[in-house]
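Q: Here is a sequence with its predicted model. Questions after.
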Amino acid sequence: MILGEALVRVRDSEITTLEEVTDARKIIGMRNVLVHAYDSLDSSRIADAIQVNLPAFVEEIDQLLS
């Protein structure tokens, strides 16, 4: 949720930066599901996002910040 919210704030202030983040809109969408549709979560989808996508996201953000 925190990553999605951070990207919402980036979207609102630095749209060109948001466009540099792979799947930023999907991450924001996941945040919206976690916050608003938590009663219909797919735990395997969330686990997959954490295990597969999160490491690449962290690496990408580290590169953007350096």
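A: In hand now; what should we look at?
Q: Work out for me the element the residue most central in space within the chain sits within.
A: In the chain, the centroid-proximal residue (Cα atoms, centre = their mean) is residue 27; its distance is 2.7 Å. Per DSSP states H and E, residue 27 falls inside helix 24-36.
Q: Residue 10 now?
A: Using DSSP H and E, residue 10 maps to helix 2-13.
Q: Which strands or helices does that helix pack on?
A: On a contact count with 3 or more Cβ pairs under 8 Å, 6 or more residues apart in numbering; DSSP states H and E, helix 2-13 meets helix 15-18, helix 24-36. Glycine gets a C-beta too; all of them are placed from N, C-alpha and C.
Q: what residues does it touch?
A: Applying Cβ atoms under 8 Å, 6 or more residues apart in numbering, the contact partners of helix 2-13 are 17, 18, 21, 24, 27, 28, 29, 30, 31, 32, 34, 57.
Q: do stretch 59-66 as well
A: 17, 20, 21, 22.
Q: Mind checking which of the residues you listed are buried?
A: Among these, those scoring as buried are residue 21 (criterion: 16 or more other Cβ atoms under 10 Å).
Q: So among the contacts of helix 2-13, which ones count as buried?
A: Neighbour counting with 16+ other Cβ under 10 Å marks 18, 21, 24, 27, 28, 30, 31, 57 as buried within the contacts of helix 2-13.
Q: Show me what the mean pLDDT comes to for stretch 41-57.
A: Stretch 41-57 shows a mean pLDDT of 90.
Q: Report the buried residues of that stretch.
A: Applying 16+ other Cβ under 10 Å to stretch 41-57 flags residue 57 as buried.
Q: swap in stretch 5-25?
A: Residues of stretch 5-25 classed as buried: 7, 8, 10, 11, 18, 21, 24 (neighbour count, 16+ other Cβ under 10 Å).
Q: on that earlier part again, just to check, the residue nearest to the centre of the chain is in contact with residue 58?
A: No: with contact defined as Cβ atoms under 8 Å, residue 27 does not count as touching residue 58 (12.0 Å).
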